[in-house]
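Peer 1: quick one, fold the following:
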Amino acid sequence: MKVYLVVLSGPESCSIEGIYKTYEGAKQRWDEVRLNQIENAKKSRDYAKKYLPEDTMYDEMIEKLSCTDPEKIDNYPHETPHIWERQLED
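Peer 2: Take a look at the predicted model:
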């Protein structure tokens, strides 16, 4: 049986955000995770602009996370949502 894991992986950590029977279910959860990351980056950017107006890190994160293709998204060196396909053994 094939399953799809939605993971949030970074250079120092990896967390499973969900496990799904279909790619479509995983893609929906992947998109939710991605949009949540964008929202968090926007909040952090607004806060950081008060103290470091020249900092563009969060703008770059928002741009990278705007990619809607799980195969092409790359938010390195920050956490990136992925869909991993795995085969379960009996």
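
Peer 1: what segments of this structure are strands?
Peer 2: Ranges of strands within the chain are 2-9, 14-20, 80-87, based on DSSP state E.

Peer 1: so which of those is nearest residue 37?
Peer 2: Of all the strands of the chain, strand 80-87 sits nearest to residue 37, with 6.9 Å by Cβ to Cβ. Yep, even glycine has a C-beta here, placed from its N, CA and C like the rest.

Peer 1: need the residues that contact the closest one.
Peer 2: For strand 80-87, the external contacting residues (Cβ atoms under 8 Å, 6 or more residues apart in numbering) are 1-10, 17, 23, 26-27, 30, 33-34, 37, 70, 73-74.

Peer 1: try 10 Å this time
Peer 2: 1-11, 14, 16-20, 23, 26-27, 29-37, 61, 64-65, 67, 70-71, 73-75 (Cβ atoms under 10 Å, 6 or more residues apart in numbering).

Peer 1: between it and strand 14-20, how many degrees?
Peer 2: Comparing the axes of strand 80-87 and strand 14-20 via axes from the mean of the first three to the mean of the last three Cα atoms, to 10 degrees yields an angle of 50 degrees.

Peer 1: skip the chain neighbours and tell me the closest residue to the residue nearest to the spatial centre of the chain.
Peer 2: The residue lying closest to the centre of the chain (Cα atoms, centre = their mean) is residue 81, at 2.7 Å. Excluding its sequence neighbours, the residue lying closest to residue 81 (Cβ to Cβ, 6 or more residues apart in numbering) is residue 33, at 4.5 Å.

Peer 1: next, count neighbours for the one you found.
Peer 2: By the criterion of other Cβ atoms under 10 Å, residue 33 has 20 neighbours.

Peer 1: same question for residue 49.
Peer 2: Neighbourhood size, residue 49 [other Cβ under 10 Å]: 13.

Peer 1: list the contacts of the closest residue to it other than its chain neighbours.
Peer 2: Among residues not flanking residue 49 along the chain, residue 55 sits closest, at 7.5 Å (Cβ to Cβ, 6+ apart). By Cβ under 10 Å, 6+ apart, residue 55 lies in contact with 45, 48-49.

Peer 1: show me which of the residues you listed is closest to residue 88.
Peer 2: Nearest to residue 88 among the contacts of residue 55 is residue 45, at 40.1 Å by Cβ to Cβ.
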